[in-house]
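Chemist: return a 3D structure for these sequence lines:
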Amino acid sequence: MKLFIYFTLGVSTHRMRGYIEASLKTIQKVFTTIREAIYNRTLIELKEADICGEVEMDETMFEVRRENI
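Modeler: Predicted structure coming up:
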């Protein structure tokens, strides 16, 4: 449960190691699973909504690295 809360708060996987007792690899796997679930659910909802044209998705779902931050 704590992993999900930290995920929604945007805590990085490297920083998460100091908050919970789990390996970096485990935390990264859980975060990837959450991202995939969000992505898959979004695709299902888009198909059900029958939206036409371009659809823009927020890149923060996929943890895009930005310079100068």
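
Chemist: which secondary structure elements does the host helix or strand of Ile27 sit against?
Modeler: Per DSSP states H and E: Ile27 is located in helix 24-49. Here helix 24-49 touches helix 2-9, helix 13-16, going by 3 or more Cβ pairs under 8 Å, 6 or more residues apart in numbering; DSSP states H and E. (Glycine included, C-beta is placed from N, CA and C.)

Chemist: tell me how far the first one lies from the chain's centre.
Modeler: What it means is helix 2-9. 10 Å (Cα atoms, centre = their mean, to the nearest Å).

Chemist: spatially central residue for the chain, please.
Modeler: By Cα atoms, centre = their mean, the chain has its centre lying nearest to Arg35, at 3.6 Å.

Chemist: got the buried residues for stretch 3-22?
Modeler: Buried residues in stretch 3-22, counted by 16 or more other Cβ atoms under 10 Å: 3, 6-7, 11, 13, 16, 22.

Chemist: and stretch 35-52, average pLDDT?
Modeler: Averaging pLDDT along stretch 35-52 gives 84.

Chemist: hey, C-alpha coordinates of that stretch in CSV?
Modeler: Taking Å, rounded to 0.1, in the frame of the first residue of the first chain, the C-alpha atoms of stretch 35-52 are listed here in CSV:
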residue,chain,number,x,y,z
ARG,A,35,2.2,2.2,-15.1
GLU,A,36,1.3,-0.7,-17.4
ALA,A,37,-2.1,-1.1,-15.6
ILE,A,38,-2.8,2.6,-16.0
TYR,A,39,-1.8,2.5,-19.7
ASN,A,40,-3.9,-0.7,-20.4
ARG,A,41,-7.0,0.7,-18.6
THR,A,42,-6.6,4.0,-20.5
LEU,A,43,-6.6,2.1,-23.8
ILE,A,44,-9.7,0.2,-22.9
GLU,A,45,-11.5,3.4,-21.9
LEU,A,46,-10.5,5.1,-25.2
LYS,A,47,-11.8,2.1,-27.2
GLU,A,48,-15.1,2.2,-25.3
ALA,A,49,-15.4,6.0,-25.7
ASP,A,50,-15.0,5.6,-29.5
ILE,A,51,-12.9,8.7,-29.7
CYS,A,52,-11.7,9.9,-33.2
